[in-house]
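1. Pasting a predicted model and its sequence here:
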Amino acid sequence: MKVNENYAKIPGSYLFSEIARRVAAFSSAYPRREIISLGIGDVTLPLPPAVIEAMQKAVAEMGEAATFRGYGPEQGYAFLRETIVEHDFAAHGIGITPDEVFISDGAKSDCGNIGDLFSVDNRVAVCDPVYPVYVDTNAMAGRAGDYDKETGRWSNLLYLPCMKENGFVPKVPQEKADVIYLCFPNNPTGAVATREQLTEWVDYALYNNAIILFDAAYEAFITDPAIPHSIYEIPGAEHCAIELRSFSKTAGFTGTRCGYTVVPNALERDGQSLRAMWNRRQSTKFNGTAYIVQRAAEAVYTPEGQAQTRANIEIYRNNAEQIRRGLEGAGLTVHGGKNAPYIWAETPAGMGSWETFDLLLHEAGVVTTPGVGFGPCGEGYIRLSSFGDPKKLPTALMRIRAALGK
Ligand code: PLP
């Protein structure tokens, strides 16, 4: 018997365990110091009342013989797929149809599982810094090659540097990639891609017969009307892109679990329909998202659900604005946080990501996320999240200001 040898090559998930270790050490040394986290990528506001009400109704249905539901359709219930199409696509002039939408238990699973459709020989391109799931799942599948501890890079991946110079949006490379992960609004940098930038990527993918995996988990945070919410706003994208969406950050579903993936009928490679392949994959390996959860997701699109989820996002958006201003007042240069929940702050001159993390933890009692944890190009940055408690923000920002001597 042999195990999948690729797992042995993957370094431990160092970032969040190391943060937890340093925070635990600090709080045991200074038990009376209040620690405020601006590091978390999880929502903190409760589910909107419209969602709770829909869930309770669905729970009651499950307790009655006449309305009980067993296994549902693997692709998701039509009521949810039709609602999604109407609100997220048709309302914006995008011709996605319900049979192209696959309901899941969240974008993380889909990000990882979608790799089942691709050959191990494909060249995969990822941004640097990056949401680590894209890298690790390709490493598990054997598409990433070998990991180099010195550089923090995998031998077979094509890295797309996202730096201040390119506004944290990668240019299309000279080399050919087969599968490209793009995430906008971006985690961790908070950058958004313009229509022109996404058009370049779609043109690149069409020219190279490549596929873009477009992660739009944070699209609900876009307020600038010029910024696309979906890759399918770009002509031709239905021939080269799969889009991943999530109710996690849109509606507080991180613990409830629901997302969806769009695989257009027009998407074909090697004479095969990727929609048919994904349908085959899902109906073999996935038995659907809970009925109760799909009813909860449907409620997000009701007028009350929309008003309530928007109100929550507004709270996070205000947090982001306060963090931006507060950090600028503390003398830092900040990026992101305008159409995204994440703020990407440059570390003070001459200080590294971890050094800045330690300074803010020890001097301000504030937890951040060191940018280098998302990839080598994240060195020199820290990520701050707007998902925290707004009541604690003024204190956190005042302490950061004091810690940085402003
Ligand atoms: N994609 C990105 C870029 C994320 O940051 C996250 C969560 O943090 C996810 C996907 C996963 O979302 P979900 O909760 O739907 O699995």
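-> That came in fine, so what should we check first? Residues are numbered from 1 along each chain as shown.

2. Quick one: residues contacting the nearest residue to residue 393 once chain neighbours are set aside.
-> Closest residue to residue 393 apart from its sequence neighbours, by C-beta to C-beta, 6 or more residues apart in numbering: residue 322 at 5.2 Å. Every C-beta, even on glycine, is put in place using the N, C-alpha and C of the backbone. Taking C-beta atoms under 8 Å, 6 or more residues apart in numbering, we find residue 322 in contact with 390, 393-394, 397.

3. tell me the SS of residue 322?
-> Under the three-state scheme (DSSP: H, G, I helix; E, B strand; the rest coil), residue 322 adopts helix.

4. tell me what the strand or helix carrying residue 296 is packed against?
-> Using DSSP states H and E, residue 296 falls within helix 291-299. Taking 3 or more C-beta pairs under 8 Å, 6 or more residues apart in numbering; DSSP states H and E as contact, the helices and strands that helix 291-299 lies on are helix 49-62, helix 78-84.

5. Run through who's touching it.
-> Contacts for helix 291-299 (C-beta under 8 Å, 6+ apart): 47-48, 50-55, 57-59, 61-62, 69, 72, 76-77, 79-80, 83, 103, 105, 247, 251, 253, 256-258, 305.

6. measure stretch 227-247 end to end?
-> Using C-alpha to C-alpha, to the nearest Å, one end of stretch 227-247 lies 20 Å from the other.

7. let's have the chain start at 614 instead
-> Will do, 614 is the new start, and the previous item becomes stretch 840-860.

8. is it up against the ligand anywhere?
-> Yes: Stretch 840-860 reaches the ligand (C-beta under 6 Å from any ligand atom) through residue 859.

9. Buried residues, that stretch. List them.
-> Residues 840-847, 850-860 are the ones in stretch 840-860 that count as buried (16 or more other C-beta atoms under 10 Å).

10. Quick one: mean pLDDT for it?
-> Mean pLDDT, computed over stretch 840-860, is 98.

11. pLDDT below threshold where in the stretch 914-1019 of the chain?
-> The stretch 914-1019 of the chain contains residues with pLDDT under 70 at 1019.

12. Strands of that one, start to end?
-> 947-949, 955-959, 979-980, 982-983, 994-998 (DSSP state E, counting those that start in this stretch).

13. Show me what the second one is in contact with.
-> The contact list for strand 955-959 (C-beta under 8 Å, 6+ apart) reads 777, 781, 798-804, 933, 936-937, 940, 945-950, 984, 993-999.

14. pLDDT at the closest residue to residue 806 other than its chain neighbours, what is it?
-> Among residues not flanking residue 806 along the chain, residue 797 sits closest, at 4.3 Å (C-beta to C-beta, 6+ apart). Per-residue confidence for residue 797 comes out at a pLDDT of 98.

15. if I pick residue 797, what's in contact with it?
-> 782, 804-806, 811, 827-829, 831.

16. can you check residue 1005 too?
-> residue 649.

17. now do residue 986
-> Residue 986 touches 627-629, 631-632, 966, counting by C-beta under 8 Å, 6+ apart.

18. Could you do residue 835 as well?
-> Contacts of residue 835 by C-beta under 8 Å, 6+ apart are 798, 805, 842, 952-953.

19. Grab the two from those residues that are most spread out in space.
-> 842 and 953 (12.5 Å; C-beta to C-beta).

20. If we check the ligand, which of the contacts of residue 797 are in contact?
-> When contact is defined as C-beta under 6 Å from any ligand atom, the contacts of residue 797 meet the ligand at residue 828.

21. what does stretch 976-984 rub up against?
-> Against stretch 976-984 from outside (C-beta under 8 Å, 6+ apart): 628, 632, 636, 646-652, 654, 742, 801, 957, 960, 965-967, 969-970, 973-974, 991-998, 1009, 1012-1013, 1015-1016.

22. show me where pLDDT drops low in the stretch 764-913 of the chain?
-> Using pLDDT under 70, nothing in the stretch 764-913 of the chain is flagged.

23. show me where it has strands.
-> 766-767, 771-774, 792-796, 824-828, 854-859, 872-875, 881-882, 885-886.

24. I'd like the ones you listed written out as JSON lines, with distance to residue 905 added.
-> Output for those, formatted as JSON lines (distance: least, C-beta to C-beta, whole Å):
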{"stretch": "strand 766-767", "distance to residue 905": "39"}
{"stretch": "strand 771-774", "distance to residue 905": "40"}
{"stretch": "strand 792-796", "distance to residue 905": "29"}
{"stretch": "strand 824-828", "distance to residue 905": "26"}
{"stretch": "strand 854-859", "distance to residue 905": "18"}
{"stretch": "strand 872-875", "distance to residue 905": "16"}
{"stretch": "strand 881-882", "distance to residue 905": "36"}
{"stretch": "strand 885-886", "distance to residue 905": "31"}
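
25. Now the element after the host helix or strand of residue 628, going C-ward?
-> According to DSSP H and E, residue 628 maps onto helix 627-642. With elements assigned by DSSP H and E, the helix or strand that comes after helix 627-642 is strand 649-650.

26. what sits up against that next one?
-> For strand 649-650, the external contacting residues (C-beta under 8 Å, 6+ apart) are 978-980, 1001, 1005, 1008-1009, 1012.
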